[in-house]
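In: Sequence first, predicted model second:
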Amino acid sequence: MDVYFWRRPVTRVQLKRSYPAQPFLGALEQALKYGMFDLTRLETLVLRHVACDFFALAGDDDDDGDNDDQDDTTHTTREALHAVMHELKFKGMDRVLDTELDRAGRNGTPPGELIERLLSEQASFHRERALAYRVGQARLPWQWTIDTFPFERQSGVNKAQILGLAGLDFLRRTENLVLSGGPGTGKTAIALSLLRQACVNGWRGRFYSALTLLDELYASLADRATTRLLKSLSRMQPLVVDEHG
């Protein structure tokens, strides 16, 4: 049949047979199987089933049918994989899946190597997200690190001692640490550097100015939240308090 819109001819479409419900049912069954509840992915899957089962462009050669079926199967499998990864929140694997599958297809990558690369990407993504969360929770006012501390301009700072502290053994021994010295000697910068180093190594810490900490403790008295606040603070390693006196 010829299809016209506003007197403009569009692509000639040949109907293969009466419109069946099977494509919709097949797409929905697959969506339920893989937990594909994202509407965009579900719509794409339904349209793909319908296009494969219902329509054929006029002039298409029957010889291409096998290739078309293979391409449809590949795309459907990828959609299913994306849906499963989305459900499991494997965002690291999901973002590189198509790239890795294409590369594996070109290079003939063994399945084990492909799975290892995908899992490595997911683990790396998880570490990045976890680190970003810990650094955000630490409330670092400045992004100092041990590597950026200007030891050459602070002659009174023992570099070897600070690098030793960066090994974080004092945290493992649950020891307190007091940094003392005159104004401008780098106490806050060193404390922030050690706190960031702890976050990088999987510890959950928090930075407070003494005034902010006292304000929170005083405010907790009003709503009887002091016990909850103290429990929260006790889980912080390290808990850095600046300008204590």
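Out: That came through, no problem.
In: all contacts plus neighbour counts: C-alpha atoms, from now on.
Out: Fine.
In: Model confidence at His76, what's the number?
Out: Residue 76: Thr, not His. If you check Thr76, the pLDDT there is 67.
In: Walk me through the domains of this structure.
Out: 1-88, 94-138, 141-242 (automatic domain parsing).
In: need the least confident one among those, by mean pLDDT.
Out: Minimum mean pLDDT among the domains of the chain: domain 1-88, a mean of 58.
In: hang on, Ala198 packs against Leu165?
Out: No: contact criterion Cα atoms under 8 Å: Ala198 and Leu165 do not qualify, at 10.5 Å.
In: of these two, who's got more company?
Out: Between Ala198 and Leu165, Ala198 has the larger neighbour count (other Cα atoms under 10 Å), namely 21 against 16.
In: residue contacts, that one?
Out: Neighbour list for Ala198: Leu168, Arg204, Gly205, Pro238 [criterion: Cα atoms under 8 Å, 6 or more residues apart in numbering].
In: can you pull out the helices in the protein?
Out: 22-33, 39-54, 65-87, 91-107, 111-138, 159-165, 169-172, 187-200, 210-222, 226-234 (DSSP state H).
In: and these, which is most packed in?
Out: helix 187-200 (a mean of 22; mean count of other Cα atoms under 10 Å).
In: Alpha carbons of that helix, in CSV - could you do that?
Out: Provided in CSV are the C-alpha atoms of helix 187-200 (Å, rounded to 0.1, in the frame of the first residue of the first chain):
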residue,chain,number,x,y,z
LYS,A,187,48.7,22.2,61.1
THR,A,188,45.3,22.4,59.3
ALA,A,189,46.8,21.4,56.0
ILE,A,190,48.5,18.4,57.5
ALA,A,191,45.3,17.3,59.3
LEU,A,192,43.3,17.6,56.1
SER,A,193,45.9,15.7,54.2
LEU,A,194,45.8,12.9,56.7
LEU,A,195,42.0,12.9,56.6
ARG,A,196,41.9,12.7,52.8
GLN,A,197,44.5,9.9,53.0
ALA,A,198,42.3,8.0,55.4
CYS,A,199,39.3,8.4,53.0
VAL,A,200,41.4,7.1,50.1
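In: In contact with Leu195, which residues?
Out: Counting by Cα under 8 Å, 6+ apart, Leu195 touches Ala138, Gly205, Arg206, Phe207, Pro238, Val240.
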